[in-house]
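**Student:** Predicted structure and sequence below. I'll ask about it afterward.
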Amino acid sequence: MINGNLTNSVSKEKSKYGTNGVITIPTAQDNMRNHGLYLLNIHSSYTAESVTIPVEFVKAAKFSLELQAQSNNAKQGERVGFDVVGENGATFGNDLKVDNMQVTLIKPDGTSHNLTYINDFFNFINYFIVYGTGGEDGKTVNTDQVGTYTLKVRYAGYQEMETKFEIFPGKAVNTEDSDTEKGGKIRSQKEE
């Protein structure tokens with residue numbers, strides 16, 4: 001139990017569906033100061049029953065993905081880099097860890113692919129990269145089609161970001177990750 005003594009208030013509200021019980025929990029309490037996912041366990045004082053519900057605190061700052069200059073003319077199979085830019089200089093990423101990363105790549109033909117951390121994309125603070133090739137075997141080509149892609153990034157505690165980018169025809173130049181990045185991928189996979 002992280003905080004068994006949360007300050008809260010209980011009230012009832014009438015709605016068109018009946019009477020609802022409302023529990024209000026102010027933020028900035030011990031162990032509830034940061035954005036992200038929390039599990040809230042509610043125990044009845046009348047019975048032995050309890051229920052656990054997820055609660056997400058979402059950071060108010062908005063972030064956007066800006067295509068990096070070296071990715072302006074990316075070819076099929078090349079990786080694509082972005083800067084994560086926050087309002088008023090806000091930085092992206094959770095101080096301890098990021099729970100629940102959902103990254104979706106929609107290809108020009110309309111197919112949607114959920115990307116996995118380390119295998120298909122990498123994110124370090126304000127740097128985000130979609131690998132041209134990825135997957136468990138390292139042979140899946142993420143940027144295999146010419147045309148406009150849509151990238152959606154949703155991390156727990158942050159508002160969703162969405163951007164579009166182009167992949168152009170031609171010979172791919174930036175297809176392989178550096179030996180340092182490959183080593184980092186392998187080390188990260190072993191740690192998980």
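**Tutor:** Right, received. Where do you want to start?
**Student:** Contacts only, for the closest residue to T27 other than its chain neighbours.
**Tutor:** Spatial nearest neighbour of T27, chain neighbours left out: F57 (6.7 Å); criterion: Cβ to Cβ, 6 or more residues apart in numbering. Every C-beta, even on glycine, is put in place using the N, C-alpha and C of the backbone. Residues near F57 by Cβ atoms under 8 Å, 6 or more residues apart in numbering: T27, M32, N34, H35, G36, Y38, G157.
**Student:** Tell me the one of those nearest G77?
**Tutor:** Nearest to G77, judged by Cβ to Cβ, of the contacts of F57 is G157 at 32.9 Å.
**Student:** By neighbour count, sort out the buried ones in the contacts of F57.
**Tutor:** M32, H35, G36, Y38, G157 (16 or more other Cβ atoms under 10 Å).
**Student:** shouldn't the fourth one be in contact with I25?
**Tutor:** Same thing as Y38. No: with contact defined as Cβ atoms under 8 Å, Y38 does not reach I25; the gap is 9.7 Å.
**Student:** returning to that earlier point: and which of the buried ones among the contacts of F57 is nearest N8?
**Tutor:** The closest of these, once distances to N8 are taken by Cβ to Cβ, is M32, at 11.0 Å.
**Student:** Report the beta-bridge partners for the closest one.
**Tutor:** Q29 (DSSP bridges).
**Student:** Please apply the same query to V51.
**Tutor:** Bridge pairing for V51 - DSSP bridges - gives I42.
**Student:** where's it relative to G86, distance?
**Tutor:** 35 Å (Cβ to Cβ, to the nearest Å).
**Student:** Many thanks, have a good one.
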